[in-house]
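Colleague: Predicted model follows, preceded by the sequence.
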Amino acid sequence: MSHAPAVLVTAAKLAPEAVAILEAAGCAVHCTSAYPSAAELLAAVVRHRPVALLHRQGVIGGAVMDAAAPGLRVIARHGAGVDGIDLAAAAARGLTVTRAAGANARSVAEHAMALMLALLKDMPAVAAGMRDGVWEKTSRMTRDVEGTSLGIIGYGAIGSKVARLADAFGMRVAAYDPLLPPGALSGPGERVTGLHALLVRSDVLSLHCPLDATTRGMIGAAELAALPHGAILVHTARGGIVDEAALIAALDSGQLAWAGLDVFAAEPLDAASPLRTHPRVLPTPHLAANTPRGAVGMATGAAESIVAVLAGRQPALPGAIVVPGGLRTAA
C-alpha cells in the first residue's frame with residue numbers, strides 16, 4: 001500500500017496535467033465517482049485519509065473535514081466558486097481553502113457570449129422550426145446585437161471579459177458590483193451603483209457573481225419584473241442566485257423572451273425539471289468552463305495551490321486563498 005500523502009478529488013477524473021503536478025510533489029491522487037453523495041465522500045475520506053481535497057463536485061462540510069483529521073490541511077477548489085465548501089467550518093478547523101481564480105474566466109465568458117448571441121437571434125426557435133419544416137425567411141425578425149443594452153452583475157475576472165466581448169459587438173454595457181472599490185470600471189461599461197437601476201435598463205442580463213448569503217435568491221420575481229419586457233437572462237454563475245420558480249413564471253408570461261442557463265440550483269438538473277424542456281430556455285449542463293484551456297487551467301491551478309500550501313507557501317495564482325487556515329509563509 002502506498003504511504004504517499006493522498007489527494008482526494010471529488011469527481012471521477014482530473015486533468016492528467018494536474019495529476020502529474022501532484023505526483024511530482026510526491027502525492028497519490030484518488031478520485032470519487034461523479035457528483036459523490038455525502039456518504040460516498042465520507043467513506044472515501046475515511047479510506048484515503050487525504051492531506052488535501054481537490055473539490056470539483058458534491059459538498060464538503062464539517063463532517064468530511066473531521067473524518068480527514070488530523071492530516072487534512074487544504075481544500076482546493078477546481079474553479080472559482082466555493083459555495084460547495086463550508087468555509088466557516090474550514091476556518092474553525094484551521095484549514096486553508098483555495099480556488100483557481102480566473103483560470104476559467106475566458107472560457108466562461110465565451111460561453112456566456114455564445115448564449116447571448118444565440119438568444120438575441122432566436123436560434124433555438126428558428127432551428128426547431130427548420131426541423132419541423134417551417135421556413136421563416138420573411139416572417140421572423142431577430143434582434144441587432146449592436147446597440148442592445150447589456151447589464152452585468154459581477155465585474156470580476158469573468159464579468160469584465162464578457163464586457164470586453166460585448167463591447168466589441170457594439171453592445172451598450174453597464175455593470176453592478178458592490179464588491180468593487182469605488183470608481184470607474186477597469187474595462188468597458190458604465191458602473192451602476194444599484195441593482196434596480198441596472199435591471200430596468202438591461203435588454204440582456206448576464207450574471208457573474210459568487211453565490212453567498214447576499215446573492216442567494218437575488219434574482220427573484222420582483223427583479224425579473226423590473227427588466228424590460230422581452231428581456232433575456234444569461235446565467236453562467238451559480239444556480240442558487242436565481243429563483244427558478246420565478247424564472248419559469250417570467251418565461252411563461254413572456255416577461256422574459258429567453259433564458260440561457262448553464263447552472264442550476266440542484267445539479268445534475270433533475271430529468272423532470274421544466275428547465276430542460278421549456279421552449280424559451282437554452283440549457284447547458286454546467287460546461288461553460290469545459291474547454292481545453294479552461295479545464296486544464298482549473299485543474300492545474302488547484303493542484304499547484306495544494307502543492308504550495310503543503311510546502312508552506314502562498315499559491316502563485318492571484319486571488320487563490322479564500323480561507324488562510326493554517327498556511328505558513330515560507331521563510
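Modeller: Cool, the structure landed.
Colleague: Could I get the phi/psi values of Ala221?
Modeller: phi -60, psi -40 (degrees, to the nearest 10).
Colleague: and it, how far is that from Leu227?
Modeller: Look at Ala221 and Leu227: by CB to CB, to the nearest Å, they are 11 Å apart. C-beta here means a position set from N, CA and C on the backbone, and glycine is covered the same way.
Colleague: for Pro268, same thing?
Modeller: 28 Å.
Colleague: Which of these two has more residues huddled nearby?
Modeller: Between Pro268 and Leu227, Leu227 has the larger neighbour count (other CB atoms under 10 Å), namely 23 against 12.
Colleague: And for the closest residue to the more buried one other than its chain neighbours, the neighbour number?
Modeller: Distance criterion CB to CB, 6 or more residues apart in numbering; nearest residue to Leu227, sequence neighbours excluded, is Leu199 at 5.4 Å. Neighbourhood size, Leu199 [other CB under 10 Å]: 22.
Colleague: you'd agree Leu199 is up against Leu233?
Modeller: No. Using CB atoms under 8 Å, Leu199 is not in contact with Leu233, being 10.6 Å away.
Colleague: So in terms of bridging, what pairs with the residue nearest to Ser202 when sequence neighbours are not counted?
Modeller: Of all residues not flanking Ser202 in the chain, Gly151 sits nearest, at 2.9 Å (CB to CB, 6+ apart). Here Gly151 sits in beta bridges with Ala174, Leu205, going by DSSP bridges.
Colleague: What separation do you get for Gly151 and Gly319?
Modeller: From Gly151 to Gly319 the distance is 24 Å (CB to CB).
Colleague: More neighbours: those two, which one.
Modeller: Gly151 (25 against 14).
Colleague: hang on, the earlier thing: and the residue nearest to Leu227, what does it touch?
Modeller: 151, 205, 223, 226-227 (CB atoms under 8 Å, 6 or more residues apart in numbering).
Colleague: gap between it and Ile152?
Modeller: From Leu199 to Ile152 the distance is 12 Å (CB to CB).
Colleague: What's the mean pLDDT across the helix or strand containing Val234?
Modeller: Counting by DSSP states H and E, the element that carries Val234 is strand 231-235. Averaging pLDDT along strand 231-235 yields 98.
Colleague: Does anything pack onto that strand? Which helices or strands?
Modeller: helix 105-120, strand 204-207, strand 256-261 (3 or more CB pairs under 8 Å, 6 or more residues apart in numbering; DSSP states H and E).
Colleague: buried sites along the last one?
Modeller: Meaning strand 256-261. Across strand 256-261, burial judged by 16 or more other CB atoms under 10 Å covers 256-261.
Colleague: Out of those, flag the one nearest to Ala69.
Modeller: Proximity of those to Ala69, judged by CB to CB, is greatest for Leu261, which lies at 38.0 Å.
Colleague: Touching both of Leu199 and Leu233, which residues are there?
Modeller: The contact lists of Leu199 and Leu233 share 205, 227, where a contact means CB under 8 Å, 6+ apart.
Colleague: before we move on, the earlier item: and the residue nearest to Ser202, how far is that from His278?
Modeller: To His278, Gly151 is 22 Å away according to CB to CB.
Colleague: Now do the helices in this structure.
Modeller: Ranges of helices in the chain, per DSSP state H, are 16-24, 38-48, 62-68, 87-92, 105-120, 123-131, 157-168, 195-199, 221-226, 244-253, 274-277, 292-310.
Colleague: Show me the contact partners of the fifth one.
Modeller: Residues outside helix 105-120 that contact it (CB under 8 Å, 6+ apart): 80, 124, 142-145, 148, 150, 157-159, 161-162, 165-166, 169, 204, 206, 208, 232, 234, 236, 257-258, 260, 262, 282, 284, 287-291, 293-294.
Colleague: Likewise for the shortest one?
Modeller: Judged by CB under 8 Å, 6+ apart, the contacts made with helix 274-277 from elsewhere in the structure are 244, 247-248, 261, 264, 269, 281, 283.
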